[in-house]
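Engineer: build me a structure from this.
(2 chains)
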Amino acid sequence: MVSSVRGKPKRRVRLPRARTQPISVAPKLEPGAPSDFELMKGIQTGDADALSELYDRYNGILKALILRVIHNEAEADDLLQEIFMEIWNQAKNFSAQKGKPLGWMVTLARRRAIDGLRKKQAYARAEERLQNETEQQPDAWVHNATEQEILLSDTRLLIRKVISGLPPAQQQAIDLAFFRGMSQREIAAKTNTPLGTVKTRLELGLKKIYDGLKDLRDEL
Amino acid sequence: MNFEQFQNQSRLYVIGALEPEELEQFEKARKKFGKKAEDFITKCYALHEAFALSLRPAKSSAAIKERLMAMVKAKKES
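Structural biologist: As a prediction, this is how the structure comes out:
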């Protein structure tokens, strides 16, 4: 999400007023393709093809998320496999009333990735790698785009537009909280910022993104 | 805590950024606001999706999927 907080112009996006309809940021699907909910239902009944399709649809996003946390290609691949196995094993716990399949999978993947990072006690090493990667290649991984990724790219650009409209300090606070699993106190210590300021940055930044997503829903 | 404050806290809650002392207050407010609170928290999880979708998808090795599907098949047969 946030590759660097340095050197970016302070451009603010005028965000819309909050609306009441539910937020949806899921990428568009090809006509006739089963929805994520249908795939989850299939997985819940033991349909391996449904898992295969869900994997094809989202392995790239989940791997990017894992890589953003742990910065290690081989470990990210292993974790990705474990996460999809967990999706298979835990599918019965998914409830459509509690949200969408992608949100559930991302929550699961993020938790596993952050747990993995903590277990290894590799914060320092990961940080050094992150710094190098940020300087050399802001977008972590580049390869030939598949059809699914092209559909995703519009979504990504729109979301990034919302995020990049935040002041850099808010982007940084959210980045450290979401992708590094840091508490407000840890962020305050790392950035040498008063705790109250960190809290305000997180609250304001997340509210702007949340409100911005409501606007995106109409564009997607 | 009024509902607007609860909404602010909910967005922090879903990304795991509430401090322990805030979490206690949050859970009390969550009970107080009931279904309205649960509905709002559910909506906040869209933030997770958005952060993930903001990243450029990464390529995985084909062997990962093969291993995964083999494990699933073995599990189904066991």
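
Engineer: going forward, measure contacts and count neighbours with C-alpha atoms only.
Structural biologist: Noted.

Engineer: worst-scoring helix or strand of chain A, pLDDT-wise?
Structural biologist: helix A:123-136 (a mean of 60; mean pLDDT, DSSP states H and E).

Engineer: what sits against A:D154?
Structural biologist: Shown in contact with A:D154 (CA atoms under 8 Å, 6 or more residues apart in numbering or on different chains): no residues.

Engineer: next SSE after whatever helix or strand it lives in?
Structural biologist: Using DSSP states H and E, A:D154 falls within helix A:147-164. Following helix A:147-164 in sequence order, the next helix or strand is helix A:168-180 (DSSP H and E).

Engineer: packing partners for the helix or strand following that following helix?
Structural biologist: Downstream of helix A:168-180, the next assigned helix or strand under DSSP H and E is helix A:184-191. Contact analysis of helix A:184-191 by 3 or more CA pairs under 8 Å, 6 or more residues apart in numbering or on different chains; DSSP states H and E lists helix A:168-180, helix A:195-219 as its packing neighbours.

Engineer: just say which of those is most tucked in.
Structural biologist: Mean neighbour count (mean count of other CA atoms under 10 Å in any protein chain shown) peaks for helix A:168-180 among the helices and strands packed on helix A:184-191, with a mean of 23.

Engineer: tilt between it and helix A:184-191?
Structural biologist: Helix A:168-180 runs at 120 degrees relative to helix A:184-191, counting by axes from the mean of the first three to the mean of the last three CA atoms, to 10 degrees.

Engineer: could I get the contacting residues of the residue most central in space within chain B?
Structural biologist: Nearest to the geometric centre of chain B sits B:Y45, at 5.0 Å (CA atoms, centre = their mean). Taking CA under 8 Å, 6+ apart as the contact definition, B:Y45 lies against A:99, A:103, B:14.

Engineer: surely the last one touches B:F40?
Structural biologist: Looking back up the chat, that one is B:V14. No: between B:V14 and B:F40 there is no contact under CA atoms under 8 Å: 10.7 Å.

Engineer: more neighbours: the two, which one.
Structural biologist: Shown here are B:V14 and B:F40; by other CA atoms under 10 Å in any protein chain shown, B:V14 has more neighbours (19 against 15).

Engineer: thinking again about what came up before, out of the helices and strands packed on helix A:184-191, the one nearest B:R67 is which?
Structural biologist: helix A:168-180 (27.0 Å; CA to CA).

Engineer: any part of the closest one near chain B?
Structural biologist: Yes: looking at helix A:168-180 against chain B by CA under 8 Å from any CA of the partner chain, the contacts come from A:177-178.

Engineer: helices or strands next to the helix or strand bottoming out on mean pLDDT in chain B in the packing?
Structural biologist: Lowest on mean pLDDT, DSSP H and E among the helices and strands of chain B sits helix B:46-53, with a mean of 88. Where contact means 3+ CA pairs under 8 Å, 6+ apart, helix B:46-53 is packed against helix A:48-70, helix A:101-120, helix A:147-164, helix A:195-219.

Engineer: mean pLDDT lowest for which of these?
Structural biologist: Ranked by mean pLDDT, the helices and strands packed on helix B:46-53 bottom out at helix A:147-164, with a mean of 71.

Engineer: what about residue 56, how many neighbours?
Structural biologist: Since you didn't name a chain, this refers to chain A. Neighbour number of A:D56 under other CA under 10 Å is 12.

Engineer: switch to chain B, that's the one I care about
Structural biologist: B:R56, neighbours per other CA under 10 Å, totals 24.

Engineer: tell me the secondary structure at it.
Structural biologist: coil (DSSP: H, G, I helix; E, B strand; the rest coil).

Engineer: would you mind measuring from it to A:L62?
Structural biologist: Between B:R56 and A:L62 the computed distance is 10 Å (CA to CA, to the nearest Å).

Engineer: what is the distance between the helix ranked longest in chain B and the centre of its chain?
Structural biologist: Secondary structure of chain B per DSSP state H: the longest helix is helix B:20-44. Chain-centre distance of helix B:20-44: 14 Å, with CA atoms, centre = their mean, to the nearest Å.

Engineer: over to stretch A:99-113?
Structural biologist: 9 Å.

Engineer: can I see the domain layout of chain A?
Structural biologist: A:34-142, A:144-220 (automatic domain parsing).

Engineer: any idea how far the longest one is from the chain center?
Structural biologist: If you compare the mean C-alpha spot of domain A:34-142 with that of the full chain, they lie 9 Å apart, counting by CA atoms, centre = their mean.
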